[in-house]
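Asker: Sharing a sequence plus its predicted fold:
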Amino acid sequence: MDVRLSPEQRALQDSVRQVVRNLAPTAVGQLDDVERAAKLDAAVDAAGWRELRTASDDGTPWASAVEAAIVAEELSRGLADAAFLGPTLAAELRRLAGAPAAGGRETVVLESVAVDAAGATSALVLDGLALGVVALDDARVTVDLTRPVATPRSAPEVIGTIGEDDLARWTALVLALTSAELVGSTQGAVQLATDYARERRQYGQPIGSFQAVQHLLADAHVATEGSRSVALHAAWAVDALPPDEALAAAAVAKAYCSRAARAVCEASIQVHGGIGNTWECLAHVHLRRALLSTDIGGGVGPSLETVVAHALR
C-alpha cells in the first residue's frame with residue numbers, strides 16, 4: 001500500500017476543504033442558517049461527491065474507497081451539515097445489487113434508523129441478503145447537530161439481493177467511512193483547541209505555553225495521526241483486499257478511531273476550560289458528531305468482536 005495521496009486525490013482533498021471553508025458552519029448559531037446549509041448541500045451535490053461509489057459502465061465504482069474517505073474526513077473536520085455518508089452507502093448497495101439508481105436523495109437504515117437523512121425521502125435496508133427500499137418520516141436532529149436521522153414509515157419493498165462477499169465488503173466500507181469521519185472529528189477538535197490555546201491568555205501568557213496544555217494537545221495530535229493511518233489502510237483495503245480481510249482491517253480502524261475520537265474531543269473541551277462546556281463553543285459539536293459516527297456500524301465492542309472472529313478462523 002502506498003500511503004501517499006496521488007495528485008488527483010490531493011486535488012479532491014483541496015476542493016472539499018475549499019467548500020467547507022466557504023460554506024460550513026463556523027459557529028453553533030450558524031447551524032440554524034437555512035440559506036447557508038442549502039448552499040453547502042448544493043455545492044456537495046454539484047461536485048458529485050455523493051456519486052463516487054455509483055457504478056461506472058463496467059460495474060465498478062467511479063472512485064475508490066480512499067477517495068470517498070477523503071471526502072468524508074474533510075466534511076467531518078469542518079462540521080459540514082450536508083449529507084454524504086448515507087447517500088454514498090446507499091449508492092454502494094445499489095451497485096452491488098445491480099439495482100438502478102434512485103430517483104431522489106436516498107440513505108441507508110442501520111439498526112432501525114435511517115442515518116444522515118438530510119434531504120432523503122427513502123432509504124435502503126438489508127434483511128439478510130435481501131435489499132429493500134422504505135419511505136421515511138421527516139428527518140429530525142438527535143445527538144449529532146449536523147446530521148439528522150429519520151424513521152422508516154413503510155414496509156421494505158424488495159428490489160434485489162447481494163452476496164455474502166458483497167455484504168462483507170459493504171460493511172467494510174461502512175466502517176472505513178465512519179472511521180474517516182472520526183478522523184475528521186479529531187482533526188477538527190485538535191485544530192479548535194490549538195487555535196484557542198494560542199489566543200487565550202492567563203497570567204499574561206497564552207495558555208498554549210503551559211506544559212499541562214501542551215501535553216494534552218500533543219497526546220491529541222498523536223492519537224489523531226494514529227487514527228488517520230489506520231483509517232487510510234481500512235479505506236484502501238475495501239477495494240484491494242479479499243472481503244473478509246477488508247472487513248477485519250475496517251473493524252480494527254473503527255475500534256481505534258472510536259476510542260481516539262472520544263478522548264481527543266473531550267481533551268478539546270478540557271483545553272477550552274469553562275467555556276468548553278457552553279453551548280456556544282463548537283467543541284461539543286465535534287464530540288456529538290464523533291459519538292454518532294462511533295455508533296454507525298457498531299462501536300468499539302462490536303468492532304473488536306469482528307477482529308477476534310476473523311483471527312479465530
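Answerer: Noted; the coordinates are in hand. Everything numeric here is computed off the predicted structure, so don't read it as measured data. Residues are numbered from 1 along each chain as shown.

Asker: can you give me the strands for the stretch 1-150 of the chain?
Answerer: For the stretch 1-150 of the chain, applying DSSP state E, counting those that start in this stretch gives strands covering 106-110, 113-115, 122-127, 130-135.

Asker: Columns distance to residue 94, mean pLDDT and mean neighbour count on top of those strands, output as CSV?
Answerer: Heads up, the C-betas are built off the backbone N, CA and C, glycines and all. Listed next are the strands of the stretch 1-150 of the chain as CSV, based on distance: least, CB to CB, whole Å; pLDDT from 0 to 100; neighbours: other CB atoms under 10 Å:
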stretch, distance to residue 94, mean pLDDT, mean neighbour count
strand 106-110, 8, 97, 25
strand 113-115, 15, 96, 23
strand 122-127, 7, 97, 21
strand 130-135, 8, 97, 18
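
Asker: Which one of those lies nearest to residue 147?
Answerer: Proximity to residue 147, assessed across the strands of the stretch 1-150 of the chain by CB to CB, is greatest for strand 113-115 (7.2 Å).

Asker: Now do the contacts for the residue nearest to the spatial centre of the chain.
Answerer: The centroid of the chain falls nearest to residue 181 when counting by CA atoms, centre = their mean (2.9 Å). By CB atoms under 8 Å, 6 or more residues apart in numbering, residue 181 lies in contact with 72-73, 75-76, 85, 289, 293.

Asker: same thing but at 6 Å, please
Answerer: 72, 76, 293 (CB atoms under 6 Å, 6 or more residues apart in numbering).

Asker: of those residues, closest to residue 268?
Answerer: For those, the nearest to residue 268 is residue 76 (14.3 Å; CB to CB).

Asker: so who does the closest residue in space to the closest one that isn't next to it in sequence touch?
Answerer: With CB to CB, 6 or more residues apart in numbering as the criterion, residue 76 has its nearest non-adjacent residue at 2.9 Å, and that residue is residue 184. The contact partners of residue 184, taken as CB under 6 Å, 6+ apart, are 73, 76-77.

Asker: Same question for residue 220.
Answerer: 190, 264, 267.

Asker: where's it, which helix or strand?
Answerer: Here residue 220 sits within helix 211-240, counting by DSSP states H and E.

Asker: Could you do residue 194 as well?
Answerer: helix 164-199.

Asker: List the buried residues for stretch 181-199?
Answerer: 181-190, 192-194, 196-197 (16 or more other CB atoms under 10 Å).

Asker: and which of these is nearest to residue 163?
Answerer: Using CB to CB, the buried residues of stretch 181-199 come closest to residue 163 at residue 181, 26.8 Å.

Asker: Check the gap between that closest one and residue 2 for me.
Answerer: 23 Å (CB to CB, to the nearest Å).

Asker: repeat for residue 163
Answerer: Applying CB to CB to residue 163 and residue 2 gives a distance of 29 Å.

Asker: higher neighbour count, those two?
Answerer: Between residue 163 and residue 2, counted using other CB atoms under 10 Å, the more crowded position is residue 163 (12 against 6).

Asker: Once you drop chain neighbours, what's closest to the more buried one?
Answerer: Using CB to CB, 6+ apart, the closest residue to residue 163 is residue 129 (6.9 Å).

Asker: phi, psi of the one you found?
Answerer: Residue 129 adopts backbone torsions of phi -110, psi 0, taken as degrees, to the nearest 10.

Asker: and it, how many neighbours?
Answerer: For residue 129, using other CB under 10 Å, the count is 13.

Asker: so how far is residue 112 from it?
Answerer: Look at residue 129 and residue 112: by CB to CB, they are 18 Å apart.

Asker: cool, residue 29 as well?
Answerer: When residue 29 is compared with residue 112 (using CB to CB), they lie 32 Å apart.

Asker: tell me the pLDDT at the spatially closest residue to residue 299 that is not a sequence neighbour?
Answerer: In space, and not counting its chain neighbours, residue 299 is closest to residue 258: 5.2 Å by CB to CB, 6+ apart. Note on residue 258: pLDDT of 98.
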